[in-house]
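> What shape does this take:
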Amino acid sequence: MKIEIIPATDIIGGACVRLTQGDYDRRTTYYRDPLEAALRFEEAGIRRLHMVDLDGAKASEPRNLAVLERVASKTSLEVQYGGGIKSREALRSVFDAGASRAICGSIAVREPEAFAEWLGEFGPGKLILGADVRDGAVAIQGWLEHSGFTVRELINRFTPQGLTQVICTDISRDGMLCGPSAEFYAGLQGEYPGVEITVSGGISSMADIEALDSTGLRSVIVGKALYEGRITLNELKRCLQNA
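Purely as a prediction, here's the structure:
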């Protein structure tokens, strides 16, 4: 298997939680200490961790940098961090706290010139466009607002500036364990071969990941399926050892 598996840790109040379809009122807490989850993923052979500051997404500024700093300093994981990164100061604070990559969504929609500048300043290897979709449109501000833009419109806006990484979450499937929109993602990856399209939302089993791998997709974020035991750490370890 060539596709990279990236566990998700969504943070509210310093704890590791999962939301259902992006609804803050439908959340489950899995780890009071996200470092515990991170260490388990690291032991299984994971290299990269997806961390979303849900408090920060609502507040429009990072609110869980202490969690990021702790995980980054006590593991060898590369942490990609998103949520509330709306200014250069916030972006720098995320990198200073230990993030390897920063995920930017709302700023790319509302202030595209700023995100384009950041791509030039920090490099496309450090910045990920977060383009999360509900009903065909990209949602922003912690998935609470619709932007009116499609994923393709956003990617087209930033590829001239060197964009190489996009995380696309299908919000309708997020936390539903119903399988990903494989055809949609494969089509998107085919249209933009120079951009890594990371799949997010709906993963329910290793079979889902294998199906995505067979289409040539390069990376996938897995959340609830791991926390609910649909994909076990032993399965994950075996899969990574055989990669």
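> C-alpha only now, for contacts and for neighbours.
Fine.
> Secondary structure element for residue 238, which one?
helix 233-241 (DSSP states H and E).
> In terms of pLDDT, where does residue 177 sit?
Per-residue confidence (pLDDT) for residue 177: 69.
> go on, the one 10 residues further on?
The predicted local confidence for residue 187 comes out at a pLDDT of 93.
> where does the most centrally placed residue in the chain fall, helix, sheet strand or coil?
A centroid search over the chain (CA atoms, centre = their mean) returns residue 50, at 5.0 Å, as the residue closest to the centre. When classified by DSSP: H, G, I helix; E, B strand; the rest coil, residue 50 comes out as strand.
> What residue, apart from its backbone neighbours, is nearest it spatially?
Spatial nearest neighbour of residue 50, excluding adjacent residues (CA to CA, 6 or more residues apart in numbering): residue 8 at 4.6 Å.
> Check residue 194 too.
With sequence-adjacent residues excluded and distances taken as CA to CA, 6+ apart, residue 194 is closest to residue 164, at 6.3 Å.
> and that neighbour, how many residues sit next to it?
Neighbour count of residue 164, defined by other CA atoms under 10 Å: 22.
> hang on, it packs against residue 126?
No: using CA atoms under 8 Å, residue 164 is not in contact with residue 126; the gap is 9.6 Å.
> what residues are shared contacts of the two?
Common neighbours of residue 164 and residue 126 (criterion: CA atoms under 8 Å, 6 or more residues apart in numbering): none identified.
> OK, contacts around the residue nearest to residue 4 when sequence neighbours are not counted?
Leaving out its chain neighbours, the residue that sits closest to residue 4 by CA to CA, 6+ apart is residue 219, at 4.4 Å. Residue 219 makes contact with 3, 4, 5, 6, 196, 197, 198, 199 under the criterion CA under 8 Å, 6+ apart.
> Sketch out the low-pLDDT regions of the protein for me.
By pLDDT under 70, the low-scoring segments of the chain are 141-145, 174-177, 243.
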